[in-house]
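> with the input below, show me the fold.
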Amino acid sequence: MSTAQQRGWGNPDGVLNGLSYRLRYIRPFKHNGIDFPAGANRLVIPLMHAMLDDLHKSGYVLRSGWCWGYANRDIRGLPGVKSNHSWGLALDVNAPVNPMTSDGRVHTNLPPNAGRIAKKYGFLWGGDYTGYRKDPMHFEFIGTKAEARRRRLALHKDTTPTTPTQPSKPIISRVGPDEVNWISVKEGDPNVEQVQTIQALLKVHGYPRIETDGKFGPKTTQIVKHFQKDRGLKADGIVGEATYYALLRANIRP
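As a prediction, the model looks like this:
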């Protein structure tokens, strides 16, 4: 896939480390009161609102402090390759419960139609990435400026009156906001999906020998202890709140 600069979006590292680019294109961005820190590209903000509205109609709820916008940085794990965040063309949605992983599986609480909704407005959903790397928190606009303009105009033309759609019952996350406060996963835990998420996050942090089989056995306990020791945490092999947030850290902010 070509970079946004090759698609005509300009140089995000322009005059004074990209200050001129930010002044020209980046604007504050909030959706239904939820802030996306540092904002987004003004040319795609209307499309972002429309996409998030459709996710909301599917029952999805954004969480304050869990969403991110513009950040001039490389793609994690690919030095020298700019992320679409660098142009303000990407959003990360509810990062803690939609972690980037490399086990080939999508660990997410987004609705099943997330990819179709993204595509409708010219975005690519990270859960649809090919290969083993999956990033379901991530939505990136993959078109040109002309494509963004065409899609914005299409939004304005769609003036057909509609009956407001009430969100369906919110999707319950595998490790949701209510669970984070008391999470305590240890050897023998029967919650397969929760254990798989933890194992996948350990792979992201550089522990490739772990199996993502959903079984919290002695091997997983030992790897958790190694992780805790490396991060200065109590090495008890139990994934509590502090250990879980340490696992998430690589998936939330650059």
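> surely residue 98 is in contact with residue 111?
No - proximity of residue 98 to residue 111 does not meet the contact threshold set by C-beta atoms under 8 Å, at 11.7 Å. Quick note: C-beta positions are derived from backbone N, CA and C, even for glycine.
> could I get the buried residue list for the strand or helix carrying residue 224?
Counting by DSSP states H and E, the element that carries residue 224 is helix 218-230. Residues 220-221, 223-225, 227-228 are the ones in helix 218-230 that count as buried (16 or more other C-beta atoms under 10 Å).
> need the max-distance pair from the residues you listed.
220 and 228 (12.4 Å; C-beta to C-beta).
> any stretches of the stretch 51-200 of the chain with poor pLDDT?
77, 158-183, 193 (pLDDT under 70).
> quick one, strands of it?
Using DSSP state E, counting those that start in this stretch, the strands of the stretch 51-200 of the chain run over residues 74-75, 78-82, 90-92, 123-125, 138-141.
> mind putting the ones you listed in a markdown table, distance to residue 237 and mean neighbour count included?
Listed next are the strands of the stretch 51-200 of the chain as a markdown table, based on distance: least, C-beta to C-beta, whole Å; neighbours: other C-beta atoms under 10 Å:
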| stretch | distance to residue 237 | mean neighbour count |
| --- | --- | --- |
| strand 74-75 | 32 | 16 |
| strand 78-82 | 32 | 10 |
| strand 90-92 | 30 | 26 |
| strand 123-125 | 34 | 23 |
| strand 138-141 | 31 | 26 |
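> make JSON lines from those and add distance to residue 153 to it.
Putting those into JSON lines (distance: least, C-beta to C-beta, whole Å) gives the following:
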{"stretch": "strand 74-75", "distance to residue 153": "31"}
{"stretch": "strand 78-82", "distance to residue 153": "28"}
{"stretch": "strand 90-92", "distance to residue 153": "22"}
{"stretch": "strand 123-125", "distance to residue 153": "17"}
{"stretch": "strand 138-141", "distance to residue 153": "15"}
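> of all the ones you listed, which lies closest to residue 241?
Nearest to residue 241, of all the strands of the stretch 51-200 of the chain, is strand 90-92, at 21.2 Å by C-beta to C-beta.
> hang on, the earlier thing: tell me which of residue 98 and residue 111 has more neighbours.
Between residue 98 and residue 111, residue 98 has the larger neighbour count (other C-beta atoms under 10 Å), namely 26 against 18.
> give me the neighbour count for the closest residue in space to residue 217 that isn't next to it in sequence.
The shortest distance from residue 217 to any non-neighbouring residue, by C-beta to C-beta, 6 or more residues apart in numbering, is to residue 187 (6.6 Å). Residue 187 has 16 neighbouring residues, counting by other C-beta under 10 Å.
> residues in contact with the residue nearest to the spatial centre of the chain?
Centroid-nearest residue in the chain: residue 137, 1.8 Å away (criterion: C-alpha atoms, centre = their mean). Residue 137 sits next to 92-95, 98-100, 126, 251 when contact means C-beta atoms under 8 Å, 6 or more residues apart in numbering.
> of these, closest to residue 238?
Closest to residue 238, out of all of the contacts of residue 137 and judged by C-beta to C-beta, is residue 99, at 19.3 Å.
> so where do the helices sit in the stretch 151-254 of the chain?
177-180, 192-204, 218-230, 241-252 (DSSP state H, counting those that start in this stretch).
> and the angle from the third one to helix 192-204?
When axes from the mean of the first three to the mean of the last three C-alpha atoms, to 10 degrees is applied, the directions of helix 218-230 and helix 192-204 differ by 50 degrees.
> which other helices and strands contact helix 218-230?
On a contact count with 3 or more C-beta pairs under 8 Å, 6 or more residues apart in numbering; DSSP states H and E, helix 218-230 meets helix 192-204, helix 241-252.
> what's the most buried one of those helices?
helix 192-204 (a mean of 21; mean count of other C-beta atoms under 10 Å).
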